[in-house]
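> can you look at this prediction? I've put the sequence above it.
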Amino acid sequence: NKENEATAIEPVVVYSEKDLQKEVDTILSRLSNTDQDHWLKRLESLRTIQGLIRGGAAEYDSFLPMLKDLKGALGEAVADLRSALVKEACATVEVLSVTFGDAFASIAEGLIPMLFKQLPVKIQVVYEA
């Protein structure tokens, strides 16, 4: 159930823009490490982004510009071969787009090609099932 999955994300509360920047830097570092054995930390980082939204980080004007630094790493997660990571990356993109609306468009536009690359994979999985 999608609603239960969303409520499983714990809010991550930051109390200053400096703390928010530290969180985003940690997320970027973890998401950028695409080593095969590092996927759980990447998954956790995607959930942290969602947790920051739930914790009110979107109230900081600097949050959206910080997210632009994550565009490449987020795109890599969307295009990953590990389905759990792709699912969480897509959920993160959804949360960000719902939260920021049109302001997220410039980041989302860069992710669209990666999202489209996933379509044949999903169709093949459904076909084989």
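Perfect, thanks for sending it.
> can you give me phi and psi for residue 15?
The phi and psi values for residue 15, taken as degrees, to the nearest 10, are phi -110, psi 0.
> distance check, it against residue 53.
16 Å (Cβ to Cβ, to the nearest Å). Every residue, glycine included, has its C-beta placed from N, CA and C.
> ditto for residue 21
From residue 21 over to residue 53 the distance is 16 Å, taken as Cβ to Cβ.
> one step back: of residue 15 and residue 53, which one has the most company?
Using other Cβ atoms under 10 Å, the more surrounded residue of residue 15 and residue 53 is residue 53, with 20 against 7.
> excluding its backbone neighbours, what's nearest the spatially most central residue of the chain?
Closest to where the C-alpha atoms of the chain average out (Cα atoms, centre = their mean) is residue 92, at 3.7 Å. Spatial nearest neighbour of residue 92, excluding adjacent residues (Cβ to Cβ, 6 or more residues apart in numbering): residue 46 at 4.7 Å.
> convert the helix or strand where that neighbour lies to CSV, retaining C-alpha atoms only.
For residue 46, the host element (DSSP states H and E) is helix 39-54. Extracted in CSV, the C-alpha atoms of helix 39-54 (Å, rounded to 0.1, in the frame of the first residue of the first chain):
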residue,chain,number,x,y,z
TRP,A,39,23.1,0.5,-2.9
LEU,A,40,21.5,0.4,0.5
LYS,A,41,23.2,3.7,1.5
ARG,A,42,21.9,5.2,-1.7
LEU,A,43,18.4,3.9,-0.9
GLU,A,44,18.7,5.4,2.6
SER,A,45,19.7,8.7,1.1
LEU,A,46,16.6,8.8,-1.2
ARG,A,47,14.5,8.2,1.9
THR,A,48,16.4,11.0,3.7
ILE,A,49,15.4,13.4,1.0
GLN,A,50,11.8,12.4,1.5
GLY,A,51,12.2,12.7,5.2
LEU,A,52,13.6,16.2,4.9
ILE,A,53,10.5,17.1,3.0
ARG,A,54,8.3,15.6,5.7
